[in-house]
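> The following block contains a protein sequence and its predicted model.
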Amino acid sequence: MEGFIALYIFMLAAFTGYEIISKVPVILHTPLMSGSNFVHGIVLVGAMVVMGNAETGIQTFVGFIAVILAAGNAVGGYVVTERMLEMFKSSRGKK
C-alpha cells in the first residue's frame, strides 16, 4: 500500500508542476530557471546522500544513476540560463 501512496503523490506533484509551469509568462522564465537550478543543486546533494547510505548493489546503482541525472540537470540548467542571458546583452560592443 505504501508504494501506491508514493506513486499517487508523485503523479499529483507532476500534474501540479506541469499546470503551474505552463501558465508562467515568458518574461519570468529566466528568473525561474535560476531558481530551479538552485533546487537541482539540492537534488544533487540528496542523491549523493542516498548513494552514500546505500547498502546493496542495486541501491548503489540507483543512487549512481540519480547523481548522474541530477548533475546533468543542474549543469544543463546553468547552460540554458547563460544562453538566455546572452540574448539580452547589447550587440553594440560585438563585431
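Arrived safely.
> Which strands and helices lie in contact with the helix ranked longest in the chain?
The single longest helix within the chain, with elements called by DSSP state H, is helix 57-87. Packed against helix 57-87, as judged by 3 or more Cβ pairs under 8 Å, 6 or more residues apart in numbering; DSSP states H and E, are the following elements: helix 29-52. Using the backbone N, CA and C atoms, a C-beta is placed for each residue, glycine as well.
> Can you list the low-confidence ranges for the protein?
In the predicted model of the chain, residues 1, 29-30, 33-34, 91-95 satisfy pLDDT under 70.
> Find the centremost residue of it, please.
Of all residues in the chain, the one closest to the mean position by Cα atoms, centre = their mean is His40, 4.0 Å from it.
> Contact partners for it?
70, 73-74, 77 (Cβ atoms under 8 Å, 6 or more residues apart in numbering).
> at 10 Å what do you get?
His40 sits next to 69-78 when contact means Cβ atoms under 10 Å, 6 or more residues apart in numbering.
> Pick the one among those residues closest to Ser22.
Gly77 (18.2 Å; Cβ to Cβ).
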